[in-house]
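Asks: Test case, fold it:
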Amino acid sequence: MRMIALGLIAVLGLAGCETIQGAGRDIQNAGQTLEKAVN
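Replies: Okay, the predicted model is just below:
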C-alpha cells in the first residue's frame with residue numbers, strides 16, 4: 001500500500017513539473033510575441 005502511494009506521489013509530482021514547464025514556455029512565447037509587436 002505504501003509503495004502505491006509513493007508511486008502516485010512521484011507520478012503526480014513529475015506531471016506537475018511538466019505542466020509548469022509547459023506554462024513557462026507558453027509565457028516565454030507570449031513575451032517574445034509582445035516584444036516583436038513593440039519593435
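
Asks: if I look at Gly7, how far off is Ala15?
Replies: Per C-beta to C-beta, to the nearest Å, Gly7 is found 13 Å from Ala15. (C-beta placed from N, C-alpha, C; glycine too.)

Asks: try Thr33
Replies: In this view, Thr33 and Ala15 are 27 Å apart by C-beta to C-beta.

Asks: go on, Gln28?
Replies: Gln28 is 20 Å from Ala15, where distance means C-beta to C-beta.

Asks: Run the chain-centre distance for the strand or helix carrying Asp26.
Replies: Element membership for Asp26, per DSSP states H and E: helix 2-38. Centroid separation for helix 2-38 versus its chain: 0 Å, with C-alpha atoms, centre = their mean, to the nearest Å.

Asks: Enumerate the positions of that helix that are buried.
Replies: In terms of neighbour count (16 or more other C-beta atoms under 10 Å), helix 2-38 has no buried residues at all.

Asks: Now do that helix, average pLDDT.
Replies: Averaged across helix 2-38, the pLDDT comes to 82.

Asks: Leu6 versus the spatially most central residue of the chain, what's the distance?
Replies: Centrality entry for the chain: nearest residue to the mean C-alpha point is Ile20, 2.0 Å, by C-alpha atoms, centre = their mean. Separation of Ile20 from Leu6 (C-beta to C-beta): 21 Å.

Asks: just Gly31 next, same as before
Replies: Applying C-beta to C-beta to Gly31 and Leu6 gives a distance of 37 Å.

Asks: go on, Arg25?
Replies: Arg25 sits 29 Å away from Leu6, going by C-beta to C-beta.

Asks: repeat for Thr33
Replies: 41 Å.

Asks: can you check Leu12 too?
Replies: From Leu12 across to Leu6, the span is 11 Å (C-beta to C-beta).
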